[in-house]
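Undergrad: Could you look at this predicted model? Sequence included:
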Amino acid sequence: MNIIVCVKQVPNPENANFNEKSNTVMREGVKAIINPLDLNAIEEALRLRDKTGGRVTALSMGIPEASQLLKEAVGMGVDEAVLLSDPLFAGADTLATSYTLSKGVQKKGNYHLIICGKQSIDGDTAQVGPSLAEKLGIPHITCVDKIEETGEGFIKCRRIADEGYEIVQMKLPGLITVVKGINEPRLPTLKGIMRSKKAEIPIWNCEDIGADAGQCGFSGSPTKVFKSFVPDRRVDSRIIAGSPEEQAAILLEELKKAL
Amino acid sequence: MNSIRILHDKCTKCGICIKKCLYNAIDLTDNKIEVNGNCNYCGSCREACRHGAISIERAGVLQANDITAFKGVWVFAEQKSGVLGSAVIELLGEGGRLAEALGVELSAVLVGHNVGPMVEALSAYGADRVYIVDNPRLENYNDELYSAVVCDIISRYMPEIFLIASTSIGCSLAPRMASRLGTGLTADCVSLDIDIESRRLIQTRPAFGGNLMASIICPYHRPQMCTIKPRVMKAVSPDYLRRAEVIAPRVVIPGAVNASVIDIIKDAGQRVNLSEADIIVSAGRGMEEPRNLEMIYELAGVLGASVGGSRAIVDAGWLDYRCQIGQTGKTVRPKVYFACGISGAIQHLAGITASKLIVAINSDPDAPIFKVSHLGIVGDVKKIIPAFINEFNKGGGL
């Protein structure tokens, strides 16, 4: 089974910066990490490959520096990695991102399954997976926490629903988004790190993937950040003192007032 | 832009498309089949044509110059087995407020099988109009079928705003629809406003784990779509004398599906749908040992609460991943959130700060959780919980 894993580089949430003019995230100069759930996506792809054969390709859209993170993916064991990078891709919302990724996927071709992390920790929208599937005209399953079975031309997954689980069977090619609970991502091996040092990460620009520049990046994004502000997080805080019994009694009184 | 073309080299001028068209959009003029401006690109003619002579491209609805054609506020009326999703009435409440500001009607889209009885509730909670698609093939939710059907109706009736609840279904459906329609979608809005002059929807959502709020607009594309978590918006009190107009559009349901639910495993007993819980009792590493979670379950039991936990104890295997609260788990907004032995890492706080009342119990007075808690108890959580349960039972509950 040939698998494409979508990988996003995210700024470490503790030191994120914003460009106040464009109201977009500044990724330059901030230590970037692979989006945590994308590590689960890579891990699941590697496990599937080891079971069924085929190749795993990591695909990312981002600034040129993101190729460093794709090398980490190579270190974990993906067979190849491709970076979609072009100034035209900057400032993309989820729709423009999905479009650009879909053109990258189409150029890569010959895939059976696409795996994405359920959501990124910076944008936090959980939209790109399903949106990409729609752009490619393939089915999708979100919130997968277990792959039950794979067979000729299909995959059977367990997904987390609101009141339990659903078992979904999907024809391939298709796309799944995975949650953290699906696996424990491996660390790069020494051999992998050696390999990743030598690995060439091809960079494809807008022209390479045959994308319409008007549908990429800022110009291809229907949504715009109108303003951003730091929320007022101050709360009226009260510390309840006393013995555990006294504390419990006061807490109960307060709860009665609140509910 | 949508476009429809008659392939005149294939067309035999049989006229069946003219009969099938619901909108009188096809004419035979000058011995040629032509499509006029009434066309809604619904595809009935293409389905009916035996010669493959009609080509329709639905690239999306939505160009800067025709956004004024979009009118009305719509809500997706999610339902399962004939029961409306709990957030639907909240979305109707909020949608009604937006519709009033814009001077337009509020509509609900109800898709499923034997869903007619739910129209009454939709009317009572504010819908002026209900678009209903009732078909046995739509009995259970399916991404491909539902997105095709709802997008089809949107392309025809053109609402300016479309609201969907951020449920398991909504989060799968909404991005698929927005991608197909080529419009913007804002996830998990916490407040919505209308800029009256431009008629734009200002959609505010947390970013970066709630460290920043971003107000998003979708200026040149319609509909303006957003998802909203359950419990964020307020329902209005129902008026069962209201009667919504019911419209049952004829839609073409795609023939084949590529993914379908083949089994449902419902959770027995323990409620884990944390996103809709009124009270949550949440445990962290400060509980020290997995067996101490017993008192967490006991406390949850007496309060009728759901149980959650920090990433630390989920990673340690004490609790199922679905119970994890925080950045890589769930975001919750209960009336009361008990943080028991949770220090309050920023990733955890990102998931809880929308709670109405945060109660923190922790032995470390400098724990960051006390910076966001409304009520803090510094002490041994293993002594305080039993004391509270005792007090609760003595006092006969809340």
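TA: Good, I have the coordinates.
Undergrad: which residues touch residue A:255?
TA: B:336, B:357, B:359, B:398 (Cβ atoms under 8 Å, 6 or more residues apart in numbering or on different chains). (Each C-beta comes from the backbone N, C-alpha and C, glycine too.)
Undergrad: Could you rerun that using 7 Å?
TA: If a contact means Cβ atoms under 7 Å, 6 or more residues apart in numbering or on different chains, then residue A:255 has B:336, B:398 as its contacts.
Undergrad: Which helix or strand contains it?
TA: helix A:244-258 (DSSP states H and E).
Undergrad: So for that helix, what gets flagged as buried?
TA: A:244, A:247, A:248, A:249, A:250, A:251, A:252, A:254, A:255 (16 or more other Cβ atoms under 10 Å in any protein chain shown).
Undergrad: Show me which residues of the stretch 51-200 of chain B are close to chain A?
TA: Neighbours of chain A within the stretch 51-200 of chain B, by Cβ under 7 Å from any Cβ of the partner chain: B:143-144, B:167-168, B:171-172, B:175-176, B:178-180, B:183-187.
Undergrad: Highest neighbour count among these?
TA: residue B:178 (33 neighbours; other Cβ atoms under 10 Å in any protein chain shown).
Undergrad: doesn't residue B:225 make contact with that one?
TA: Yes: with contacts defined as Cβ atoms under 7 Å, residue B:178 counts as touching residue B:225 at a distance of 5.2 Å.
Undergrad: And the pLDDT at residue A:19?
TA: Here the pLDDT value assigned to residue A:19 is 55.
Undergrad: What ranges does the stretch 201-350 of chain B have for its helices?
TA: Under the criterion DSSP state H, counting those that start in this stretch, helices of the stretch 201-350 of chain B are mapped to B:293-303, B:311-315, B:346-352.
Undergrad: low-scoring pLDDT stretches of chain A, where are they?
TA: For chain A, the stretches with pLDDT under 70 are A:13-30.
Undergrad: Tell me where the longest strand sits in it.
TA: strand A:140-151 (DSSP state E).
Undergrad: name the helices or strands packed onto that one?
TA: helix A:36-52, helix A:128-136, strand A:154-161, strand A:164-171, strand A:174-178 (3 or more Cβ pairs under 7 Å, 6 or more residues apart in numbering or on different chains; DSSP states H and E).
Undergrad: How far away from the center of its chain is it?
TA: Its chain's C-alpha centre and that of strand A:140-151 lie 16 Å apart, by Cα atoms, centre = their mean, to the nearest Å.
Undergrad: what are the pairing partners of that strand, and which direction each?
TA: Strand A:140-151 pairs in its sheet with strand A:154-161 (antiparallel), strand A:174-178 (parallel), by DSSP bridges.
Undergrad: Could you check the angle that strand makes with strand A:164-171?
TA: Interaxial angle of strand A:140-151 relative to strand A:164-171 (axes from the mean of the first three to the mean of the last three Cα atoms, to 10 degrees): 70 degrees.
Undergrad: any idea which residue sits dead centre in the chain?
TA: All of this is about chain A. residue A:117 (4.0 Å; Cα atoms, centre = their mean).
Undergrad: I was after chain B.
TA: residue B:165 (1.6 Å).
Undergrad: That one against residue B:77, yeah?
TA: No: counting by Cβ under 7 Å, residue B:165 does not reach residue B:77; the two are 9.6 Å apart.
Undergrad: quick revisit: using CSV, write out every CA atom in the longest strand of chain A.
TA: Only the C-alpha atoms of strand A:140-151 are listed here, as CSV (Å, rounded to 0.1, in the frame of the first residue of the first chain):
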residue,chain,number,x,y,z
HIS,A,140,-12.5,10.2,4.1
ILE,A,141,-12.8,9.0,7.7
THR,A,142,-12.0,11.4,10.5
CYS,A,143,-10.9,10.7,14.1
VAL,A,144,-9.6,7.2,13.4
ASP,A,145,-8.2,5.6,16.6
LYS,A,146,-7.7,2.1,15.2
ILE,A,147,-7.2,0.5,11.8
GLU,A,148,-9.2,-2.7,12.0
GLU,A,149,-8.3,-4.3,8.7
THR,A,150,-6.9,-3.6,5.3
GLY,A,151,-7.6,-5.6,2.2
